[in-house]
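J.: Return atomic coordinates for the entry below.
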Amino acid sequence: MQPTREHILTILKEKHEATVDELSEELSLTPVTVRHHLDILRGDGLVDIPRARRRKAPGRPQYLYALTTQGAALFPRRYDQLANHVLIELSSRLASAEEVQEVMESIAERIASQAQLPSGDFEARLLAVVAFLEELGYMARLDRGDGPDCRIRIVNCPYESVARSHDVVCAMDLALLTRLLGTAPERVACAAREGRECVYLVRLEAE
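T.: Coordinates of the predicted model:
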């Protein structure tokens, strides 16, 4: 990213919000230049629509700029470390691996309950499942072969770094797909183990 715009994002992260004049003073740039950079950042979805802050004294209102959720997400997040620690602690406190598995399956059930899936037509359900996975950040793709079966490819596993250390995360994904599809798919490739993506075989012959 262009250094000035990166600096603007850092200032907004530290201050939570700032006016053009405040940014201008901090950056030693003219207000016109600052507005130019803010317009680009807004176009990229990183800075929100400014909100007016009225002066106590008479005069035109000042406008405050702040990061969008997308802009804030550019800064470091270590959710993977937290998840690793939570799973380690969970494993140490529960009596068996089966209990940990049950917890992960409950999480899968909770996630699946958020999906709005059609009933009856399996083809429509399958497409809705892929769309739901896409919303969750899985970058899911549906591949159809020559036969009756198909494959769901997960191009991006949102939990891949955690799954490399904890098999139960992959088990959660399998439980999630089983709950969504209403039938258990077969995992034929795993990004956390040997492949670059996860692939699930969905057998449609019986449908």
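J.: Excluding residues flanking it in the chain, which one is nearest the residue nearest the centre of the chain?
T.: The centroid of the chain falls nearest to G137 when counting by CA atoms, centre = their mean (4.9 Å). In space, and not counting its chain neighbours, G137 is closest to P158: 4.6 Å by CB to CB, 6 or more residues apart in numbering. Bear in mind the C-beta positions are built from the backbone N, C-alpha and C, glycine included.
J.: In contact with that neighbour, which residues?
T.: 136-138 (CB atoms under 8 Å, 6 or more residues apart in numbering).
J.: Of these, just say which sits nearest to P50.
T.: Nearest to P50 among these, counting by CB to CB, is G137 at 29.4 Å.
J.: does that closest one sit in a helix, a strand or a coil?
T.: coil (DSSP: H, G, I helix; E, B strand; the rest coil).
J.: Assess the claim that it and V155 are in contact.
T.: No: with contacts counted by CB atoms under 8 Å, G137 stays clear of V155, the gap being 10.4 Å.
J.: any chance you could map the helices in the chain?
T.: 3-15, 20-27, 31-43, 69-72, 79-93, 97-112, 122-135, 160-163, 167-181 (DSSP state H).
J.: quick one, domains of the chain?
T.: Residue ranges for each domain of the chain read 3-72, 96-202, as given by automatic domain parsing.
J.: any idea how far the residue nearest to Y63 when sequence neighbours are not counted lies from H7?
T.: In space, and not counting its chain neighbours, Y63 is closest to P50: 3.7 Å by CB to CB, 6+ apart. Relative to H7, P50 is positioned 18 Å away (CB to CB, to the nearest Å).
J.: What count of nearby residues applies to A115?
T.: By the criterion of other CB atoms under 10 Å, A115 has 17 neighbours.
J.: what residues are up against V162?
T.: 80, 83-84, 87, 169.
J.: quick one: low-confidence parts of this protein?
T.: Within the chain, the segments meeting pLDDT under 70 span 55-57, 59, 195, 205-207.
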